[in-house]
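> sequence first, then the predicted structure, then my questions.
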Amino acid sequence: MDFMLSEEHRMIREAARDFAKRECLPGVIDRDEHQRFAHEQVMKLGELGFMGMMTDPAYGGAGLDTVSYVLAMEEISKVDASVSVCMSVNNSLVNWGLEAHGTEEQKRRFLEPLSRGQKNGALYIGAFLLSEPEAGSDGTAQRTNAVDMGDHYILNGIKNWITNGSSASVYLVMAQTDPAKGSHGINAFIVEKDSPGITVGTKENKMGIRGSDTHSISFQDVCVPKSQRIGADGFGFSFAMQALAGGRIGIAAQALGIASGAYELSLAYARERKAFGRPISEHQAIQFKLVDMATRIEAARMLCLKSAWEKDQQLDYATSSSMAKVFASETAMWVTTEAVQIHGGYGYVKEYHVERLMRDAKITQIYEGTSEIQRLVIGRSILK
Ligand code: CAA
C-alpha cells in the first residue's frame, strides 16, 4: 500500500489549482448571481487537456488516470463547482461512455473533438440525457421512445435536468425501444444538438451550481441514424449504469472539492478574525469544528482516491464509487454549513464564498443518483 502521489499527480493537482485561482475565481460570484455559463473557462479547460483527461491520446485525450481526474476535480470544485460539473459530465459520462462502447467511427467523429472540448475553434462538449420528468431515481421508467425504422430511429420525448443542456453539441440520449423488455428494451444514442426536431427548454433557475447550464430538452420526430446507436440492441440501460458508476467518482470528487474549499476559507478566516481578544481559531468551539471538518474531508478524499484507483486497476468500482459519493456529498453539506457558521454574518453574504459553496453542496446529494440511491446500490452489494 502506497499513499504517496506521484510527481505527475502532484503536477496535475498544481496545474488545476493554479487554473482555478487564475481563471475561475475572478467572476465566480457574478456568474453564480447571473446564472452565466463559464464558456471562456471551459474552452481553456479544453486547451489544458482537462475535458478529456482520461481519454486515450489516440482520440484527442490526455491519457491520464482516474486518480489525476479526482485531484483535478477537487481543485476546480474548491473554486467553481459550476465549471467542475461541466468537466465531470464531459469526462466521466460522455467521453468514458464513447471510449468504452463506441465504434471506431463514433470515436473518430465525436470522441476526438469532445476530448479536446473544441471543434474548429468553437466549444464542443457533451451531455448525458437519462433523467425525465417521471424517470429520476427509477432510471428504467423511460418514456422517451425510439422507433426502429430500418436504417434510422425516430426519437420522441422529453428529458429533464440536463447539465450542459444548451452548450453541448452532442447528446447521449437513453430511450425506450421495446417497453416489453424492461431495462433490456432501452438503447443509448448519439444525437447532435442541431438535429431538426430538438428544442432546448428554458434554463432552470437553480439554488446552486447556478453557473452550470441546466435545461429540459424535447425531441419531436428526431431522426437518428442507426450508426449512432451505442452498442448492441438493448444495451442502453447497462450503458447508462456503467457510465454513472464512473460518473459518481467525478461527483464525489466535486463534493470533496466543495468541502475542502469551504474548509480552507474557514481556516484562514478563523486565524484572522478576533473575538474576545484572540483569533477565533483559538477558541475550542471553533477549533473542534475545524478539526471535524479536516477529518471528514480526509476520509472523503481517501474514499474518492480508492474508488479512482480501483477503476484504474480495472477492478469493480460500482460499490466504492457509490460509497465515495454518498460520504463526500454528505460531508460537503455538513462542512459548508459549518463554514457559514464559523464565518458568522460574513458567511451569509456572497463576497465570502461559503454561502455559495453551501448552496452548491446540496446538488451533490441529488444528481447522478441521490444519497438514497447510493445506499440502495451499496446495500445490494453488501447483502448479495
Ligand atoms: N453496471 C452494469 N450494469 C448494471 C449496473 C452497473 N453498475 N447496475 C445495474 N445494471 C444492470 C443490472 O445488472 C440489470 O441487468 P440484468 O437484468 O441483465 O441483470 C439492469 O441493469 C437493471 O438493473 P436493476 O435491476 O438493478 O435496476 P433497478 O431498476 O432495480 O435499479 C438503480 C437501478 C440502481 C435504482 C438505477 O435506476 C439508478 O442508478 N438510478 C439512479 C439514476 C441516476 O443516477 N440518475 C442520474 C441522472 S444523470 C445525471 O444526473 C447527470 C448530470 O447531468 C449531472
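That came in fine, so what should we check first?

> got the residues of the stretch 201-350 of the chain near the ligand?
Contact residues (Cβ under 6 Å from any ligand atom) of the stretch 201-350 of the chain with the ligand: F237, S238, M241, Q242, L244, A245, A318. Using the backbone N, CA and C atoms, a C-beta is placed for each residue, glycine as well.

> ok, how many other residues are close to the residue in the stretch 251-384 of the chain that the ligand sits nearest to?
Nearest to the ligand, among the residues of the stretch 251-384 of the chain, is G369, at 3.3 Å (Cβ to the nearest ligand atom). The number of residues packed near G369 is 25, by other Cβ atoms under 10 Å.

> tell me the phi and psi of whichever residue of the stretch 201-350 of the chain sits closest to the ligand?
Of all residues in the stretch 201-350 of the chain, the one sitting closest to the ligand is M241 (3.3 Å; Cβ to the nearest ligand atom). Backbone torsions for M241, taken as degrees, to the nearest 10, come to phi -70, psi -40.

> 8 is where my numbering starts, stick with that
New numbering, starting at 8: the last item is M248.

> who in the stretch 58-207 of the chain is up against the ligand?
Near the ligand, when you scan the stretch 58-207 of the chain using Cβ under 6 Å from any ligand atom, you find V96, F135, L137, S138, S144, D145, G146, T147, T170, S190.

> surely V180 is within a strand?
Yes - counting by DSSP: H, G, I helix; E, B strand; the rest coil, V180 is part of a strand.

> dump the residues of the stretch 208-357 of the chain next to the ligand into CSV; add neighbour count as well.
What follows is those, written out as CSV (neighbours: other Cβ atoms under 10 Å):
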residue, neighbour count
F244, 22
S245, 16
M248, 16
Q249, 16
L251, 24
A252, 24
A325, 20
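
> which residue packs closest to the residue of the stretch 208-357 of the chain closest to the ligand, ignoring adjacent ones?
In space, and not counting its chain neighbours, M248 is closest to G146: 7.4 Å by Cβ to Cβ, 6 or more residues apart in numbering.

> contact partners for that neighbour?
Taking Cβ atoms under 8 Å, 6 or more residues apart in numbering as the contact definition, G146 lies against L137, M181, F244, A247, M248.

> element containing the third one?
So that's F244. helix 243-279 (DSSP states H and E).

> which pair in the residues of the stretch 208-357 of the chain next to the ligand spans the largest distance?
By the measure Cβ to Cβ, F244 and A325 form the most distant pair in those, at 14.1 Å.

> quick check: phi and psi at A45.
Given degrees, to the nearest 10, the pair of backbone angles that A45 has is phi -80, psi 60.

> can I get stretch 308-324 as PDB, trimmed to CA atoms?
Output of stretch 308-324 as PDB, limited to C-alpha atoms (Å, rounded to 0.1, in the frame of the first residue of the first chain):
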ATOM      1  CA  ARG A 308     -10.600  12.100  -0.100                       C
ATOM      2  CA  MET A 309      -9.500   8.500   0.700                       C
ATOM      3  CA  LEU A 310     -12.800   7.100  -0.500                       C
ATOM      4  CA  CYS A 311     -12.600   9.100  -3.700                       C
ATOM      5  CA  LEU A 312      -9.000   8.100  -4.400                       C
ATOM      6  CA  LYS A 313      -9.600   4.500  -3.600                       C
ATOM      7  CA  SER A 314     -12.500   4.200  -6.000                       C
ATOM      8  CA  ALA A 315     -10.400   6.000  -8.700                       C
ATOM      9  CA  TRP A 316      -7.600   3.600  -8.000                       C
ATOM     10  CA  GLU A 317      -9.900   0.600  -8.300                       C
ATOM     11  CA  LYS A 318     -11.100   2.000 -11.700                       C
ATOM     12  CA  ASP A 319      -7.500   2.400 -12.800                       C
ATOM     13  CA  GLN A 320      -6.700  -1.200 -11.800                       C
ATOM     14  CA  GLN A 321      -9.800  -2.400 -13.800                       C
ATOM     15  CA  LEU A 322     -11.400  -3.700 -10.600                       C
ATOM     16  CA  ASP A 323     -15.100  -3.400  -9.900                       C
ATOM     17  CA  TYR A 324     -15.700   0.100  -8.600                       C
END
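
> so where do the helices sit in the stretch 8-157 of the chain?
Under the criterion DSSP state H, counting those that start in this stretch, helices of the stretch 8-157 of the chain are mapped to 14-26, 35-40, 46-55, 73-86, 88-95, 103-108, 111-113, 119-123.

> could you do the stretch 158-307 of the chain as well?
Going by DSSP H, counting those that start in this stretch, the stretch 158-307 of the chain shows helices at 243-279, 291-319.

> looking at those helices, which is buried most?
helix 243-279 (a mean of 25; mean count of other Cβ atoms under 10 Å).

> ok now that one, how far from the chain's centre?
8 Å (Cα atoms, centre = their mean, to the nearest Å).

> and stretch 126-139, what's its mean pLDDT?
Averaged over stretch 126-139, pLDDT sits at 97.

> could you work out the end-to-end span of that stretch for me?
29 Å (Cα to Cα, to the nearest Å).

> swap in stretch 209-216?
Start-to-end, stretch 209-216 (Cα to Cα) is 16 Å.

> swap in stretch 49-60?
Start-to-end, stretch 49-60 (Cα to Cα) is 13 Å.

> what sits up against it?
22-23, 26, 30, 66-69, 71, 75-76, 79, 83, 90, 93-94, 97-98, 102, 118, 121-125, 130, 132, 174.

> go with 6 Å
30, 67-69, 71, 76, 79, 93-94, 97-98, 102, 122-125, 130 (Cβ atoms under 6 Å, 6 or more residues apart in numbering).
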